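Q: Kindly return the folded structure for what I paste below:
(one chain, ligands or ions: 3)
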Amino acid sequence: MSDSPRIYIGCHLSVTDGYEAMGKTMLSFGGNTFAFFTRNPRGGKSKELSLEDAAALRELLAREHFGPLVAHGSYTMNLCSANEQTRENAKDMLQKDLERMELLPGSYYNFHPGSHTGQGTEAGIAQIAQALGASLTPQMQTTVLLETMAGNGSEVGGRFEELREIIDRCERREKLGVCFDTCHVWDAGYDLVGDLDGVLTEFDRVIGLERLRAVHFNDSKNERGSRKDRHEKLGEGQLGLEALRRIALHPALSSLPFILETPNDDAGYIREIHTVLGWLD
Ligand code: FE
Ligand code: FE
Ligand code: ZN
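A: Ligands and ions are numbered 1, 2, ... in the order given. Below you'll find the model as predicted:
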C-alpha cells in the first residue's frame, strides 16, 4: 500500500539559510510541504541558490514523501500596474523566478494576479494574461498558480470569473492553476462557513476543480465580504475551527498542499500543523 500522507500541510519558511535547510525545518515541524518567497517579499532581491543545495532538497522531498512545494512570488510584482516600468520589472521578476523554479521540478509557483491601479479590471486581466503568455514555456516543469484574492482596492482576482478570464486569455493555459486562499475567498464574499459545497460547486462551474492545486489555509480577522485581507490564526477568526476542519477534510481539497499563512511564530505553526494532522485521526 502507498505510504503517502492523506494531507499535505506546512507553512511559509524563510529561504535565508538555503533550500535544504527549509526541508529540514519543515520535517522538524512535523509538516510535509512548505512555501517560501522566491525573493524578499517586499523588496526585489533574490538569494543566489546553489545547485548542490537544491539537489539536496530534492532528495529530502522525495525521501520524506513531501507534497508539492508552493513558492510565492513577490508582493511587489504587479503585472497590471498602470505604470509601465512597474509592469516591465514585474515581467522580469516573473521570468527569473520561473527559471529558478526549474531547480525544483514539479513545484508550484503562486502569485497575486495584480492590482490594475485604476486601469479597470478588464485591462488588468488582459495585461496579466499577456505577461503570462510571454513567460510560460512548453518545457517548464512548474505550474503557475493564480491566487484567489480578497478584492481589496484595485486587486484583480477577487471573483472566480476574473481568474477564469486570465486563464482563458493566456496562450499557455496548460501551465496555469489556482491557489485557493481561504481568508481571501471569505473576505471576497464567498460563504465558506455556511455553504462550503456551494462555493466549491461555483468554483467548479466557473474555473474547474481540476485547476485547483493548492490551498492557503488561513482564518480571517474580518467579516465575510469585507475585502480586507487580514489573516488570523486557525480558530481565532471569523471562519472558525469547525469550518476550517470541513475545508481540510473536503474530498475536493484534501489531497492538495495546505499552506498556513497565519500570524504565528514557529511554535504557533507547529501547533497548527498538528491540529490539522489531528483531524485525520
Ligand atoms: Fe499570497
Ligand atoms: Fe495567500
Ligand atoms: Zn492575504
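Q: residues in the stretch 101-250 of the chain within reach of ligand 2, list them.
A: Contacts of the stretch 101-250 of the chain with ligand 2, taken as C-beta under 5 Å from the ion, map to 181, 216. For the C-beta atoms, the positions are set from N, CA and C on the backbone; glycine is no exception.
Q: tell me which residues of stretch 187-198 are tucked away?
A: 187-190, 192-193, 196 (16 or more other C-beta atoms under 10 Å).
Q: Now the terminal residues of that stretch, how far apart.
A: End-to-end span of stretch 187-198 (C-alpha to C-alpha, to the nearest Å): 16 Å.
Q: One more: stretch 214-226?
A: Span of stretch 214-226 from end to end, C-alpha to C-alpha: 23 Å.
Q: again, but for stretch 185-198
A: First residue to last in stretch 185-198 (C-alpha to C-alpha) measures 13 Å.
Q: Now the two most distant members of the buried residues of stretch 187-198.
A: Asp187 and Leu196 (15.8 Å; C-beta to C-beta).
Q: and the longest helix seen in the chain, average pLDDT?
A: Scanning the chain for the helix with the most residues, using DSSP state H, yields helix 84-101. Averaged over helix 84-101, pLDDT sits at 97.
Q: before we move on, what about stretch 60-70?
A: Stretch 60-70 carries an average pLDDT of 98.
Q: Now tell me what touches it from outside.
A: Contacts of stretch 60-70 with the rest of the structure, by C-beta atoms under 8 Å, 6 or more residues apart in numbering, involve 3-5, 8, 20, 23-24, 26-27, 32-36, 104, 106-108, 110, 145, 179, 213-214, 256-257, 259.
Q: Please identify the buried residues of that stretch?
A: 60-61, 66-70.
Q: Between those residues, which sits nearest Glu174?
A: Pro68 (16.6 Å).
Q: Surely that closest one is in a strand?
A: No. Read with DSSP: H, G, I helix; E, B strand; the rest coil, Pro68 is coil and lies in no strand.
Q: Could you measure from it over to ligand 2?
A: 16 Å (C-beta to the ion, to the nearest Å).
Q: Burial check on Pro88, number of neighbours?
A: No Pro there; residue 88 is Glu. By the measure other C-beta atoms under 10 Å, the count of residues near Glu88 is 12.
Q: Can you tell me how far it is from Gly31?
A: 37 Å (C-beta to C-beta, to the nearest Å).
Q: Repeat that for Leu260.
A: Leu260 is 9 Å from Gly31, by C-beta to C-beta.
Q: same thing with Leu103?
A: For Leu103 relative to Gly31 (C-beta to C-beta), the value is 21 Å.
Q: Look at these two and report which has more neighbours.
A: Gly31 (29 against 16).
Q: Check whether that one really touches Cys11, as I assumed.
A: Yes. When contacts are counted by C-beta atoms under 8 Å, Gly31 is listed as touching Cys11 (6.9 Å).
Q: Overlap of the contact sets of the two?
A: Common neighbours of Gly31 and Cys11 (C-beta under 8 Å, 6+ apart) are Ile273.
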